[in-house]
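In: I would like to see how this sequence folds:
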Amino acid sequence: MKTQQLSIREKVGFGAGDMALNVVISSMMLIITFFYTDIYGLRTEDLALLFVAVKIIGALADLMMGQLTDRFTWRMGRYRPWLLALAIPYGLSVFFVFTTPDWAYSAKLVWAYATYIIVTIMTAGVGIPYISLISGLTSDPQERLSANGYRLFFAKIGAFMVTIIVPILAERWGDGNAAAGYQVAMAVMAAMGVLLFLLCVFSTQERVLHKVEKQSLAEQCQVLMQNDQWLILCGVCVTGTVGYVVRGSVAIYYAKYYLGGDTALVSAFLTTGVVAAILSMVASTWITKYYCKVKMFRHSQIGVALLSVLLYYAVKPGDVALAFVLYFALSFVVDLHAPVFWSAIAETIDYGHVKTGKRVSGFAFGGISVCQKAGMAVAGALVGVLLTYFHYQPNAQQAPLALTGIALMLTVIPGFFHFLMGMLMFKYRISDAYYGAVKADMQTRGYATA
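Out: Below you'll find the predicted structure:
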């Protein structure tokens with residue numbers, strides 16, 4: 001199998017796709033809970049069911065898209081045509097989910113369900129082809145790792161824009177109406193997402209085509225259940241997503257209520273986490289050139305658990321400076337694993353191909369996305385239940401119990417899930433050397449074509 005190197009232009013174009021995708025992902029992780037409680041006006045007890053129901057539908061959409069990407073191939077390739085066709089519907093769905101109608105509460109709840117479901121389906125429509133695209137760009141593990149480094153770097157740039165631009169633009173453009181401000185600010189983000197997906201489509205090339213046998217859904221499930229390394233990544237994805245989403249969902253609450261910040265401080269706090277994550281992407285790519293990527297994955301997530309406990313006990317309400325320093329450190333360490341994880345998915349697919357003699361690609365990527373949705377559903381439900389349990393009151397001075405709960409939800413609770421994530425990775429064994437043997441075996445059997 002020949003090594004295919006990707007140009008800088010192609011890596012940037014590939015990264016632009018995740019920047020577009022993160023208009024939704026970052027909004028759903030960092031803004032949507034706060035938007036629904038403090039801007040839109042939903043009760044915290046309604047959030048848990050909303051998040052669970054929507055993510056179940058999203059999981060089904062992911063599975064469907066995984067099947068579709070395996071079954072159809074066009075002149076442009078297997079994955080990019082979906083991005084081209086669905087870019088504009090995706091952007092429109094982002095706009096509508098942040099629209100607040102002046103209706104009665106029950107009607108607004110229905111609107112929240114409808115628009116959140118649509119944006120989730122549209123995200124599956126572009127998300128599954130996008131995360132699968134790396135397997136079609138190159139078969140070289142270092143190039144995949146490098147491309148995923150670019151991808152995650154640009155994803156964090158997208159998150160940076162959401163966290164720093166949206167709250168500030170919403171305040172400035174809303175003219176006292178926060179709901180109108182968020183609608184206009186997210187319209188800008190949605191338009192940017194459409195343009196970035198188009199850039200991704202026209203600056204990348206699918207040069208690797210794997211032959212995917214027609215298999216029933218039951219057969220594909222059976223093949224994947226034999227892929228022990230893919231199953232480990234599923235567990236890693238669920239636990240990591242729960243930790244990541246719980247922390248991200250309450251970051252705004254932490255900055256506003258626990259630290260006593262205004263809009264500028266809230267934006268700065270969120271931005272601190274994103275800047276740390278951007279630097280983490282760069283550091284991860286460099287570290288994995290000299291240190292085993294699997295070991296780095298394990299140890300970084302255990303380190304996150306330790307830093308989370310430190311942040312909880314060291315920072316008291318109003319300790320702004322110390323909170324920023326420790327939150328930066330936590331956000332830096334937590335994302336060191338990200339390029340490794342997204343590269344590992346393609347490697348487990350090849351591993352499973354060699355182990356079983358059958359290739360499951362689209363459904364494998366779709367399955368990982370389902371696990372991500374499952375983690376989001378658990379996290380969303382957990383956030384809704386915990387906010388209710390700790391007696392959180394929107395736009396009010398919080399009681400000591402609520403402040404303690406917000407602090408726990410930013411630190412110890414997500415830290416526990418990252419600890420589980422790190423421990424699971426002790427069962428993962430596909431290092432670069434191991435994957436080299438897998439590729440050699442694939443070449444001998446004639447499984448892959450470029």
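In: so which strand or helix has D18?
Out: Secondary structure from DSSP states H and E places D18 in helix 8-26.
In: helices or strands next to that helix in the packing?
Out: Helices and strands touching helix 8-26, by 3 or more CB pairs under 8 Å, 6 or more residues apart in numbering; DSSP states H and E, are helix 80-97, helix 105-137, helix 141-174, helix 178-203. C-betas here are computed from N, CA, C, even on glycine.
In: got a markdown table for the ones you listed, with mean pLDDT and distance to P317 too?
Out: A markdown table is the format used below for the helices and strands packed on helix 8-26 (pLDDT from 0 to 100; distance: least, CB to CB, whole Å):
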| stretch | mean pLDDT | distance to P317 |
| --- | --- | --- |
| helix 80-97 | 95 | 32 |
| helix 105-137 | 92 | 31 |
| helix 141-174 | 82 | 21 |
| helix 178-203 | 93 | 24 |
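In: Would you mind telling me which of these is nearest L50?
Out: helix 105-137 (6.4 Å; CB to CB).
In: ok so, going back, pLDDT (mean, whole number) over the helix holding D18?
Out: The predicted model assigns helix 8-26 a mean pLDDT of 89.
In: Can you name the next helix or strand after it?
Out: Where DSSP H and E defines the elements, the next helix or strand beyond helix 8-26 is helix 32-34.
In: Spit out the contact partners of L21.
Out: When contacts are counted by CB atoms under 8 Å, 6 or more residues apart in numbering, L21 touches T123, V126, G127, Y130, A155, G158, G193.
In: in terms of contact, does the first one touch Y90 like I think?
Out: Right, the one you point to is T123. Yes. Between T123 and Y90 a contact is recorded at 6.9 Å, counting by CB atoms under 8 Å.
In: Which strands or helices does whichever strand or helix holds S308 pack on?
Out: Secondary structure assignment for S308, by DSSP H and E: helix 293-314. Helix 293-314 sits against helix 320-334, helix 338-356, helix 400-410, helix 412-424, with contacts defined as 3+ CB pairs under 8 Å, 6+ apart.
In: switch the cut-off to 6 Å
Out: The criterion is 3 or more CB pairs under 6 Å, 6 or more residues apart in numbering; DSSP states H and E, and the helices and strands that helix 293-314 contacts are helix 320-334, helix 412-424.
In: so can I have CSV of these showing distance to S300, mean pLDDT and mean neighbour count?
Out: Below are those laid out as CSV (distance: least, CB to CB, whole Å; pLDDT from 0 to 100; neighbours: other CB atoms under 10 Å):
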stretch, distance to S300, mean pLDDT, mean neighbour count
helix 320-334, 5, 96, 19
helix 412-424, 7, 97, 22
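In: In TSV, list these along with distance to S216.
Out: Shown next, in TSV, are the helices and strands packed on helix 293-314 (distance: least, CB to CB, whole Å):
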stretch	distance to S216
helix 320-334	39
helix 412-424	29
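In: How about the backbone phi and psi for the residue lying closest to P81 once chain neighbours are set aside?
Out: Closest residue to P81 apart from its sequence neighbours, by CB to CB, 6 or more residues apart in numbering: W74 at 4.8 Å. When read as degrees, to the nearest 10, the backbone of W74 gives phi -110, psi -180.
In: correct me, but W74 touches W82?
Out: No. Contact criterion CB atoms under 6 Å: W74 and W82 do not qualify, at 9.5 Å.
In: Between the two, tell me which one has more neighbours.
Out: W82 (26 against 12; other CB atoms under 10 Å).
In: now the more buried one: how far from K256?
Out: 38 Å (CB to CB, to the nearest Å).
In: and what of V23?
Out: 23 Å.
In: Please say which of the two ends up with more neighbours.
Out: Shown here are V23 and K256; by other CB under 10 Å, V23 has more neighbours (28 against 20).
In: Enumerate every residue touching the more buried one.
Out: V94, M189, G193 (CB atoms under 6 Å, 6 or more residues apart in numbering).
In: need the contact list for the nearest residue to it once chain neighbours are set aside.
Out: Residue nearest to V23 in three dimensions, not counting chain neighbours: G193, with 4.0 Å by CB to CB, 6+ apart. Counting by CB under 6 Å, 6+ apart, G193 touches A20, V23, G91.
In: wait, which of those is closest to F332?
Out: V23 (23.1 Å).
In: Was I right to think P141 contacts Y435?
Out: Yes. At 5.5 Å, P141 counts as touching Y435 under the criterion of CB under 6 Å.
In: who's more crowded, these two?
Out: Remark: of P141 and Y435, P141 carries more neighbours, 21 against 18, as counted by other CB under 10 Å.
In: I'd like the distance between the more buried one and N227.
Out: Taking CB to CB, one finds P141 at 17 Å from N227.
In: ok, now F363?
Out: In terms of CB to CB, F363 sits 11 Å off from N227.
In: neighbour count winner among the two?
Out: F363 (26 against 21).
In: buried set for the helix or strand containing that one?
Out: Assigning secondary structure by DSSP H and E places F363 in helix 362-389. Using 16 or more other CB atoms under 10 Å as the test for burial, helix 362-389 gives 362-384, 386-388.
In: For that helix, what does the pLDDT average out to?
Out: 87.
In: and that helix, how far out from the chain's middle?
Out: Centroid separation for helix 362-389 versus its chain: 11 Å, with CA atoms, centre = their mean, to the nearest Å.
In: give the contact list for T44.
Out: G384, L387, T388.
In: mind redoing it with 7 Å?
Out: Shown in contact with T44 (CB atoms under 7 Å, 6 or more residues apart in numbering): T37, G384, L387, T388, Y392.
In: And it, how close does it get to G366?
Out: Applying CB to CB to T44 and G366 gives a distance of 32 Å.
In: swap in I134?
Out: Counting by CB to CB, the gap from I134 to G366 is 14 Å.
In: cool, and A114?
Out: Relative to G366, A114 is positioned 24 Å away (CB to CB).
In: for L217, same thing?
Out: Taking CB to CB, one finds L217 at 11 Å from G366.
In: which ones are touching N227?
Out: Applying CB under 7 Å, 6+ apart, we find N227 in contact with T348, Y351, G352, K355.
In: cutoff 6 Å now
Out: Residues counted as contacts of N227 (CB under 6 Å, 6+ apart) are G352.
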